[in-house]
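**Q** Curious how this folds, go ahead:
(one chain, ligands or ions: 1)
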Amino acid sequence: MVSRKLSLLLSVLLLAVPVFAQQQSVPKPKPRVIVIGVNGMELDMIRPLLLKGQMPNLASVIQKGAYGKLRTVSAPNCPRVYSTLFTSTDPEEHGVTGFIVGGITANTNMLKEEPLWSMLSKSGITVGMANVPATFPVMPVNGYMISGMLTRGKNCEDGVLCAPKLSEVMGGDAVYPKSLQPELLKNVGDFYIDCERMPGAGDLKGHEAEFIDKWLGKVQVIRAQQTKLFDYLLTTHPTEFTFLGQSCEDRTGHWLYPITPFNVGYNASINNVRQDAFPNQYVAFDAVLGSILKHVDENTYLIIFSDHGIKPLREFEEKDPHAHMDHEKTTPVIAKHDFADGDDVPGSFFAMGPGIKHDLRLMGLGASVYDVAPTLLYLYGIEQPKQMRGRILTEIFENTNNKVAAK
Ligand SMILES: [Zn+2]
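**A** Residues are numbered from 1 along each chain as shown. Predicted coordinates:
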């Protein structure tokens with residue numbers, strides 16, 4: 001009897017090995033993740049809007065998920081932080097240290113470390129990206145990529161903080177695969193990539209109110225085009241990993257931040273005209289979020305992050321106090337973010353999805369832009385490569401062993 005039991009046990013044990021191996025090789029459904037990057041989303045602006053109920057969609061994400069500040073890098077700006085987020089390495093390591101690197105507009109050919117989209121594609125995850133900053137020229141992925149901020153084209157030759165039309169892009173491809181471009185032109189239209197250029201002082205002088213309203217009108221057009229683009233892509237080209245970008249908020253904040261007379265750069269003829277222009281950008285973003293949320297079911301992870309915040313001018317740190325401006329460097333900038341201490345302008349992070357804690361507030365600056373890529377890889381069960389400096393944000397998960405594919 002004993003020997004029969006033993007042989008049975010042995011056979012079960014022997015069987016268990018191939019069964020276990022078989023289970024491992026059976027492809028599990030891959031998680032669906034939608035990431036929205038909002039350039040320079042400032043929590044100080046958002047909190048009163050949430051209290052007033054003017055951002056109901058973001059409020060619902062907060063309620064269903066985890067949120068808090070996101071530590072950024074020093075002297076944060078869009079290409080510098082996004083490339084840090086893509087690679088979870090230092091700006092000096094990945095090479096995209098700012099808007100201009102060695103006299104050339106930052107571009108994807110400068111990336112010296114492997115970005116997230118490449119790692120996901122190699123692991124067989126379908127990837128879709130649209131309007132994400134610092135992704136021009138686009139790179140091949142297991143899906144599609146449409147570039148964002150820093151795309152060069154007509155009326156935007158240097159690609160810095162301006163908006164070329166899709167059909168007028170120059171100096172590289174804005175769409176991968178190429179076959180997607182005519183399809184987008186046909187079904188979405190000839191949309192602007194990125195957001196409107198900030199005005200120069202000469203454009204504004206004497207026509208402030210008129211120019212501000214015209215400019216905000218163009219921003220609204222661009223946002224409507226982006227909303228249509230995102231909805232089209234999420235409907236007709238769903239991917240397991242989708243990364244969408246927004247950048248009009250930051251662009252508006254730089255020169256229309258609602259400041260008071262004691263602030264640096266205050267000019268009543270500009271700053272008294274539309275004091276709600278900047279907060280209204282977040283109300284408009286909330287509507288974009290609402291349109292994206294239609295594609296989010298209970299099995300989808302939704303991550304919203306910003307690369308940094310934005311604050312009124314308050315430090316005297318640079319030889320050129322108007323570094324973050326239009327190409328003529330005359331925009332009356334009254335708020336910025338590339339302060340030496342990145343902790344002065346933290347970004348923000350919102351996450352919801354299967355196994356993510358509800359109504360969790362992340363205190364302090366424990367989560368950083370370096371942690372986003374390792375956390376996204378973790379959702380797919382992909383091991384964090386050695387060069388990545390961030391960590392998995394385990395504190396946002398109910399159970400780090402069961403609910404997601406832990407490594
Ligand atoms: Zn900015």
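
**Q** give me phi/psi at G347?
**A** Phi and psi for G347, reported as degrees, to the nearest 10, are phi -80, psi -160.

**Q** where's it relative to D173, distance?
**A** Distance of G347 to D173, computed by C-beta to C-beta, to the nearest Å: 29 Å. For the C-beta atoms, the positions are set from N, CA and C on the backbone; glycine is no exception.

**Q** try A75
**A** From A75 to D173 the distance is 30 Å (C-beta to C-beta).

**Q** Of those two, which one has the most company?
**A** For A75 versus D173, the count of surrounding residues by other C-beta atoms under 10 Å is larger for A75: 21 against 18.

**Q** Leaving out the residues flanking it, which one is nearest to that one?
**A** Among residues not flanking A75 along the chain, D338 sits closest, at 4.6 Å (C-beta to C-beta, 6 or more residues apart in numbering).

**Q** my guess is that neighbour contacts P76, does it?
**A** Yes. In terms of C-beta atoms under 8 Å, D338 counts as a neighbour of P76; the distance is 6.2 Å.

**Q** Looking at those two, which has the bigger crowd around it?
**A** Using other C-beta under 10 Å as the criterion, D338 and P76 rank with P76 on top: 27 against 21.

**Q** can I assume that one is in contact with H337?
**A** Yes. If you go by C-beta under 8 Å, P76 and H337 touch, sitting 5.6 Å apart.

**Q** can you map out the strands along this structure?
**A** With DSSP state E as the criterion, the chain has strands at 32-38, 66-70, 100-101, 104-105, 127-132, 143-147, 175-176, 241-246, 300-306, 311-312, 335-336, 347-352, 360-362.

**Q** Can you list the strands that the second one pairs with?
**A** In this case it means strand 66-70. Paired strands of strand 66-70, with direction, are strand 347-352 (antiparallel), strand 360-362 (parallel) (DSSP bridges).

**Q** Distance to R71 and mean pLDDT added to these, as CSV?
**A** What follows is the strands paired with strand 66-70, written out as CSV (distance: least, C-beta to C-beta, whole Å; pLDDT from 0 to 100):
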stretch, distance to R71, mean pLDDT
strand 347-352, 8, 98
strand 360-362, 10, 97
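
**Q** Identify, out of the ones you listed, the most deeply packed stretch.
**A** Among the strands paired with strand 66-70, strand 347-352 has the highest mean neighbour count (mean count of other C-beta atoms under 10 Å), at a mean of 25.

**Q** List of residues touching that one?
**A** Residues from elsewhere that reach strand 347-352, judged by C-beta atoms under 8 Å, 6 or more residues apart in numbering: 41, 43, 46, 58, 61-62, 64-72, 76, 81, 301-309, 362, 367, 369, 372, 393, 396.

**Q** Give me the common contacts of P76 and H337.
**A** Counting by C-beta under 8 Å, 6+ apart, the residues touching both P76 and H337 are 308, 345.

**Q** The residue nearest to T260 when sequence neighbours are not counted: how many residues sit nearby?
**A** Counting by C-beta to C-beta, 6+ apart, T260 lies nearest to Y266, which is 7.0 Å off, once chain neighbours are set aside. By the criterion of other C-beta under 10 Å, Y266 has 16 neighbours.

**Q** How about G128?
**A** 23.

**Q** gap between the closest residue in space to N299 that isn't next to it in sequence and K28?
**A** Using C-beta to C-beta, 6+ apart and skipping residues adjacent in sequence, the residue nearest N299 is P354, 6.0 Å away. From P354 across to K28, the span is 13 Å (C-beta to C-beta).
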